[in-house]
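[1] here are the coordinates; sequence isn't available:
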C-alpha cells in the first residue's frame, strides 16, 4: 500500500484502490484454482492524472502468512 501512496504523493496517479475478494468466497467460486494453488482475487485500480481513465492490475499472492 505504501507504493500506491507514493504514486499519489508524487503525482503519478490521482488515486489507487486495492481490492481483495475474501479467500473463502474466491475458493467457492473457483475451486479448481485453489487445488492448483492459484489465488486471483487481488487487484489494484489506478486513476491516472491524464491520458486514460483508469488501469486495473491483477495482483498475485506469492506467499501466505502461516
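    Perfect, I can see it now. This structure is a prediction, so every number in the text was calculated from the model and none was measured.
[2] hey, let's count contacts and neighbours off CA atoms from now on
    Will do.
[3] does the spatially most central residue of the chain count as helix, strand or coil?
    Among the residues of the chain, the one closest to the centroid is residue 43, at 1.8 Å (CA atoms, centre = their mean). Three-state call for residue 43 (DSSP: H, G, I helix; E, B strand; the rest coil): strand.
[4] how far away is it from residue 36?
    Counting by CA to CA, to the nearest Å, the gap from residue 43 to residue 36 is 20 Å.
[5] do residue 23 as well
    Distance from residue 23 to residue 36, by CA to CA: 14 Å.
[6] the more surrounded of the two?
    Comparing residue 23 with residue 36 by other CA atoms under 10 Å, the one with more neighbours is residue 23, at 14 against 8.
[7] let me see the contact set for the more buried one.
    The contact partners of residue 23, by CA atoms under 8 Å, 6 or more residues apart in numbering, come to 39, 41.
[8] quick check, pLDDT for it.
    pLDDT recorded at residue 23 is 82.
[9] can you check the pLDDT for residue 32?
    90.
[10] equivalent analysis for residue 29, please.
    90.
[11] which parts of the protein are helices?
    Ranges of helices in the chain, per DSSP state H, are 2-9, 23-29, 31-35.
[12] so what's residue 15 up against?
    8, 46-48.
[13] apply 7 Å and report the result again.
    If you count contacts by CA atoms under 7 Å, 6 or more residues apart in numbering, residue 15 has them with 8, 46-47.
[14] show the pLDDT at it.
    87.
[15] count the neighbours of residue 46 for me.
    For residue 46, using other CA under 10 Å, the count is 21.
[16] report the separation between the nearest residue to it once chain neighbours are set aside and residue 35.
    Distances taken as CA to CA, 6 or more residues apart in numbering put residue 16 closest to residue 46, at 4.4 Å, once the chain neighbours are dropped. Counting by CA to CA, the separation of residue 16 from residue 35 is 31 Å.
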